[in-house]
Each structure stands twice: as structure tokens, then as C-alpha cells.
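Chemist: how would this look folded up:
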Amino acid sequence: MIDNKLKTKLKQLEEEYGYVNVELYDSKRGTEYPSSTTIKKMYGLSLLDILKDQKIKSKDEYLIIKNRPVSISNMKLLYLEHGEISKSLYSEAKLLPSSEYITKHYGWENIAKEANVKLANAQYNSKEDVIKELKIIIKELGYIPTSKEYESLRLKPSQETLRKYGFTFSEAMRKSGYRTYNKSVTIKDKVCSNKDCYRQFTPTEDEIYCEPCFKELRSRLIKEIEGMSPQRLKEICQRLIYAGNKQNTILDIFNNM
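Modeler: Down below sits the predicted model:
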């Protein structure tokens, strides 16, 4: 039967350091607790066996938990810089934990998926995957590029990939829910900035929301106004009189409510 005081000490060490192993225990146990060698003589069990029985994390288990969010963060940072992730890019950046560690303990592709980053030379499973990624990347871009712009921006999926799956740029854009330009334009179409909206629209000024989403925003603003103090309502009215009811004005009022 393991002494309760020893169990408590092991739990305290885990809470303080995140894990317990033989080296840590022997250096931090103090004089009132037996050494790991004495423990084996007393109980016929090694300290490692006791730690396992008490479900106390080993150093390796602790580091696996600790390094997972670090691995995800590293991939996100590298993706921001390069637009894609590969093991060679990761290794060149001298990031820790290493790509080998990530592959062994989490799976390289699994961490890339959690980080929501694109792996270099990644293969798509279907045409639907290609179209889905194109839809998302155009949404993130915020406007409808020309074919040449898309190529120069080095966006993924590349036009070479689109062709590989049987699409021209225009066909892929249509299947993604976007219209390309039939002629040269001075004002490019935008994609609505509302999080869950993918509508394409032609702005007349500096709009970032499509008309249906902006209408919904105005309705929400009207409901908020009903509960405002007279002073705050006066301030909003003055703002609208002087600045007009353009989208950026309405959005600024709404974001500062």
C-alpha cells in the first residue's frame, strides 16, 4: 500500500512542474520522503510504476501536451510568411518542436489541418475540394481578381492545379459562386466581409458589406437605438447628419456601441 503522504507529494510535484520523473523527484523530494531507490525496496515497485498507477504524467507525456499548441502556432506563423508549409521550410526556420517530433507524436498533416494551413504540394482528394478551397481563398482575398492577378498573387489552388482537375479559371470561379469579368473594369467586385457571407457585389464607394447583410446590420442598429439614452441618441444623429449614412459610418457607430 503506497503511503498517502508520498501520493500527495507526487501530485504536488506534478502540479508545480507539469510532470514527475525519477530525476525530478529525487532532486525535489526533500529529506522527509524516501529516494526512488528506497521506494523500490519499500514497495517492491519502481517509482515509474507508482507514477503510472497514480496517473501522473511523465515528462514525455507532459511535453506532448505542451508542444501541441506550440506546433500549431509555429505552422501558422510560417504560413503567414510563405503561403504554404513544408517540412523543409519548417526545418530551415529552426523551429521547435522539430518537424520529426510533430510527425511522430501528432502527425504532420493533422497539425497542419488544426492550424488551417496549406501544405506545399498537397494533393486534393476531389474536384469538390479544389472548388471549396478556391471559394475560401477568394473570400479571404476580399475581391474578385482577374486571371492574371490571381496568378501573380500565387494563390492556391494554382491555375495549373485548376487545369489538372479540368477547370479553366472562369469555370472554377463560377462553380465557387463567383463571376469573372467579361471586360476590363475600373472598379473590381468585392466579396462581402460578413463572416458567413460569400456574396459578390460591385461597390459604389467603399462598401465592404453586400446590400442584404448591410440591411440586416441596419435592422440590428435600429433595435439597439430603442434602448439608448437621449444623449447617446443625439450623438448618433449628429454623426449621421455630418458624415452621412454611408456604410463606413454605420459600421463605425455599430462597432462603438
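Chemist: For D189, which residues are in contact?
Modeler: Contact analysis of D189 by C-beta atoms under 8 Å, 6 or more residues apart in numbering lists 143-144, 179, 181, 200-203. The C-beta positions use only the backbone N, C-alpha and C, and glycine is treated the same way.
Chemist: separation between it and M42?
Modeler: Between D189 and M42 the computed distance is 77 Å (C-beta to C-beta, to the nearest Å).
Chemist: what's the answer for K135, then?
Modeler: 65 Å.
Chemist: Specify which residue of the two has the higher count of neighbours.
Modeler: Between K135 and M42, counting by other C-beta atoms under 10 Å, K135 is the more crowded of the two (18 against 12).
Chemist: Once you drop chain neighbours, what's closest to the more buried one?
Modeler: S176 (4.0 Å; C-beta to C-beta, 6 or more residues apart in numbering).
Chemist: Roughly how far does that neighbour sit from Y165?
Modeler: 13 Å.
Chemist: more crowded one of those two?
Modeler: Neighbours per residue, other C-beta under 10 Å: of S176 and Y165, the larger number sits with S176, 19 against 15.
Chemist: Tell me the backbone dihedrals of that one, please.
Modeler: Per-residue torsions, S176: phi -80, psi -10 (degrees, to the nearest 10).
Chemist: I'd guessed it sits against I131; true?
Modeler: Yes: S176 is within contact range of I131, at 5.4 Å (criterion: C-beta atoms under 8 Å).
Chemist: residues in contact with stretch 203-222?
Modeler: Residues outside stretch 203-222 that contact it (C-beta under 8 Å, 6+ apart): 142, 187, 189-190, 192-194, 197, 199-201, 246-248, 250-251, 253-254, 257.
Chemist: at 6 Å instead, please
Modeler: 190, 192-194, 197, 199, 201, 247-248, 254 (C-beta atoms under 6 Å, 6 or more residues apart in numbering).
Chemist: JSON lines for the residues you listed, including secondary structure?
Modeler: Shown next, in JSON lines, are these (DSSP: H, G, I helix; E, B strand; the rest coil):
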{"residue": "K190", "secondary structure": "strand"}
{"residue": "C192", "secondary structure": "coil"}
{"residue": "S193", "secondary structure": "coil"}
{"residue": "N194", "secondary structure": "coil"}
{"residue": "C197", "secondary structure": "coil"}
{"residue": "R199", "secondary structure": "coil"}
{"residue": "F201", "secondary structure": "strand"}
{"residue": "Q247", "secondary structure": "helix"}
{"residue": "N248", "secondary structure": "helix"}
{"residue": "F254", "secondary structure": "helix"}
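Chemist: any idea which helix or strand carries L78?
Modeler: In the assignment (DSSP states H and E), L78 maps to helix 59-82.
Chemist: go on, A112?
Modeler: Counting by DSSP H and E, A112 is part of helix 108-115.
Chemist: Next secondary structure after that helix?
Modeler: Toward the C-terminus, helix 108-115 is succeeded by helix 127-141 as the next helix or strand (DSSP H and E).
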